[in-house]
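# Structure of the sequence below:
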Amino acid sequence: MQMGRVIGSVWATRKEEGLNGLKLLIVQPIDSNQQPIRSEIVAADRIGAGIGDDVLITSGGSSRYIMKENPLPIDAVVIGIIDSTEVMRGEDNE
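Got it, this is the predicted structure:
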């Protein structure tokens, strides 16, 4: 699992049949300081995240199974919208 910020949407009128009805979002992975890390990814979303939301995403093979009976051809999926985070900062972490 990793944190990310939704920075955009992707529209594709022609796509694999299993993707119909899924919203596709552009997500910028972020660290615990809310700073961007790595390149943006496209993640499927069924929970209603929107631009500006901080989200939890999972990627890799497990993301294909958001619908157990019908594995989907996706590599990342939004699994939660973050309400807040709390990070302990110490002398070694500043």
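# Give me the residue ranges of this structure where confidence is low.
65, 67-68, 91-94 (pLDDT under 70).
# show me where it has strands.
2-10, 23-30, 41-45, 54-59, 76-81 (DSSP state E).
# ok, the closest residue to residue 80 other than its chain neighbours - contacts?
Nearest residue to residue 80 in three dimensions, chain neighbours excluded: residue 56, at 3.9 Å (C-beta to C-beta, 6 or more residues apart in numbering). (Glycine included, C-beta is placed from N, CA and C.) Residues in contact with residue 56 (C-beta atoms under 8 Å, 6 or more residues apart in numbering) are 1, 2, 3, 4, 78, 79, 80, 81, 82.
# For residue 56, give the beta-bridge partners.
Note on residue 56: beta-bridge partners by DSSP bridges are residue 3, residue 80.
# follow-up on the earlier one: neighbour-wise, which of the contacts of residue 56 leads?
In terms of neighbours by other C-beta atoms under 10 Å, these top out with residue 4 at 27 neighbours.
# what's that one in contact with, if anything?
27, 28, 29, 30, 41, 43, 54, 55, 56, 57.
# and if you look at residue 53?
5, 6, 81, 82.
# can you list those residues in JSON lines and add distance to residue 50?
Rendered in JSON lines, the data for those read as follows (distance: C-beta to C-beta, whole Å):
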{"residue": "5", "distance to residue 50": "11"}
{"residue": "6", "distance to residue 50": "6"}
{"residue": "81", "distance to residue 50": "9"}
{"residue": "82", "distance to residue 50": "13"}
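# and which of these is nearest to residue 20?
residue 6 (20.8 Å; C-beta to C-beta).
# Confirm for me that the closest one is in contact with residue 50.
Yes. Counting by C-beta atoms under 8 Å, residue 6 touches residue 50, with 6.3 Å between them.
# The two: who's more crowded?
In this view residue 6 and residue 50 are compared by other C-beta under 10 Å, and residue 6 has more residues nearby, 21 against 12.
# I'd like the distance between that one and residue 83.
Using C-beta to C-beta, to the nearest Å, residue 6 is found at 15 Å from residue 83.
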